[in-house]
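A.B. asks: Here is my input, please return the structure:
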Amino acid sequence: MREIRRSFYQIYKGALKIVGKGLFLLLTGVLCGTALLALAYLLPVNPENRDIAYEQLDSEGWYPRAVISSSSLDTWFHSYFPDVLDGNSDKIMLYTALDDTQENPLTRAMNSYSQYAGNYSYYWHGYVSILRPLMFFFELAELRTLNMVCQIFLMIALAIIIAREKGIRYVCMFVTSCILLMPLAVSMSLQFSWIFYIGLTGTLVLLLKKEYFSENSRYLWFFLLLGMLTSYFDLLTYPLFTWGIPLIWWLVMRKDTGRAVEWLKLVAASGVSWIAGYGLFWLSKWILAGMVTGRDVLGDAVEEVFLRSGTLEGQQFDFTDRCNAIYENWLHYEYNIYAVLLVGWLVWWLYCTIRQGGWLRSSKKCAYLLIGLSGFVWYFVLSNHTAVHHFFTYRIFSVTILAFLALILEGISVGRCGEKVSWKQRLITLVLIGGGYCCRLY
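C.D. replies: Numbers count the residues shown, from 1 in each chain. Sure, this is the predicted structure:
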């Protein structure tokens, strides 16, 4: 009995330590994030660069396509082209970052006011701390060029690490995940770039220090920080990317073996940590903004959450509508380039599976499957938001697709794919695949 008490005490003590460190990191993040925003509003604005940026966004319209330089107000909002830009949100960002009203910097940081959108207090708008100084030196066109160069270098750095440790197959998997984001649109859009940087920079850090984060559950603090950064910079575009992409690549690169349940625990723990960072950091802005401005920011934010999740009073729970939100986002991957790319992977998988006479077992497969299903859960829960804004939320599916590509590669051996396998084994494999496909159809 004494040993049982001692073990419970150790668990309790360990849990308190984890929670304490998490709260300390969260509080530090809130203080630093608030200070950065307040300091940014002390910086001057370059009126020439500001006016050029406003004029350029006005000429492009609200929702232009990256491959088409002009559009009208609402031309592509309801389309399924993957390169649609969110000019409306970019205008909110620039007007907020370049606001020159005369108020206390802390009040301005909490109000997040702009002449274009008014008070937008329930987002952190952390991008102001970066955009405001950059727009003093660069025009919008120059900023987009700089953005493109930085993103290319980041992708190259990750590709080199992946090629060195895992080989060409996994490089192809990485390139596929990048293509599915439509890199041209991401580099031209301020709205889409923040999640890209957080997700891929987080992946780079995690891969360079994978042993360090594996020890003593340090990865929990890292995913907590990724969730906080996502809440700080993003306007609810494709947030799950900053959890799923780093986690998938970390699992791919880890060479240690373990049981399936251990990998599932790792996925679940990292997910809880990320959600805690994302949700609590967002909540802290609502509370802090309400205290500084005297407005009911928390009440407005909670109402918006209920609206976007389809649970606002008067809204009926409709299972069909929630499933339709998933389908609306998937329609973007029926675009010709994406469809050919995904079908190519499917054909390659069928060929290798039949050739090697089956699919290899791996304890990581359940972990990849769980990560892949997270995208469907996000669409289902936030059905209102993802159905309306599918032209950018479809990128959440990049996490699902990357997870399933990792699952496929985990089951295919390079050595065995070239070995001779009996026609009987190949036939059995083909029948099993065909039977499984027919079951899915019906």
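A.B. asks: Leaving out sequence neighbours, find the closest residue to M135.
C.D. replies: N49 (5.4 Å; Cβ to Cβ, 6 or more residues apart in numbering). For the C-beta atoms, the positions are set from N, CA and C on the backbone; glycine is no exception.
A.B. asks: no no, E103
C.D. replies: N111 (7.5 Å).
A.B. asks: show me what contacts the one you found?
C.D. replies: Contacts for N111 (Cβ atoms under 8 Å, 6 or more residues apart in numbering) come out as E103, N119, S121, A289, T293.
A.B. asks: in a helix, that's where the first one is, yeah?
C.D. replies: Translated: E103. No. Assigned with DSSP: H, G, I helix; E, B strand; the rest coil, E103 falls outside any helix and is coil.
A.B. asks: quick check, nearest of the contacts of N111 to R308?
C.D. replies: Distances from R308 to these, taken as Cβ to Cβ, are shortest for S121 (16.3 Å).
A.B. asks: neighbours of N336, just the number please.
C.D. replies: 7 (other Cβ atoms under 10 Å).
A.B. asks: quick one: it and F404, what's the gap?
C.D. replies: 21 Å (Cβ to Cβ, to the nearest Å).
A.B. asks: Angles on the backbone of the residue nearest to E103, please.
C.D. replies: With angles defined as degrees, to the nearest 10, N111 sits at phi -70, psi -40.
A.B. asks: so which helix or strand takes in the residue nearest to M135?
C.D. replies: Secondary structure from DSSP states H and E places N49 in helix 47-60.
A.B. asks: What residues of that helix count as buried?
C.D. replies: For helix 47-60, the buried set under the neighbour-count rule, 16 or more other Cβ atoms under 10 Å, comprises N49, R50, I52, A53, Y54, Q56, L57, E60.
A.B. asks: T203: what's it in contact with?
C.D. replies: Per Cβ under 8 Å, 6+ apart, neighbours of T203: L158, I245, P246, W249, W250.
A.B. asks: Spatially nearest residue to Y54 (excluding sequence neighbours)?
C.D. replies: Using Cβ to Cβ, 6+ apart, the nearest residue to Y54 is L94, at 7.1 Å.
A.B. asks: Could you check how far that neighbour is from L39?
C.D. replies: With Cβ to Cβ as the criterion, L94 and L39 are 19 Å apart.
A.B. asks: Which one's more surrounded, those two?
C.D. replies: L94 (26 against 14).
A.B. asks: part of a strand, is that one?
C.D. replies: No. According to three-state DSSP, L94 belongs to no strand; its state is helix.
A.B. asks: so what pLDDT did it get?
C.D. replies: Note for L94: predicted pLDDT of 94.
A.B. asks: D321 touches Y379, doesn't it?
C.D. replies: No. Look at D321 against Y379 with Cβ atoms under 8 Å: they stay out of range, at 11.2 Å.
A.B. asks: what about these two, which has more around it?
C.D. replies: Remark: of D321 and Y379, Y379 carries more neighbours, 28 against 14, as counted by other Cβ under 10 Å.
A.B. asks: List the contacts of F81.
C.D. replies: So F81 contacts R65, H332, Y335, F391 (Cβ under 8 Å, 6+ apart).
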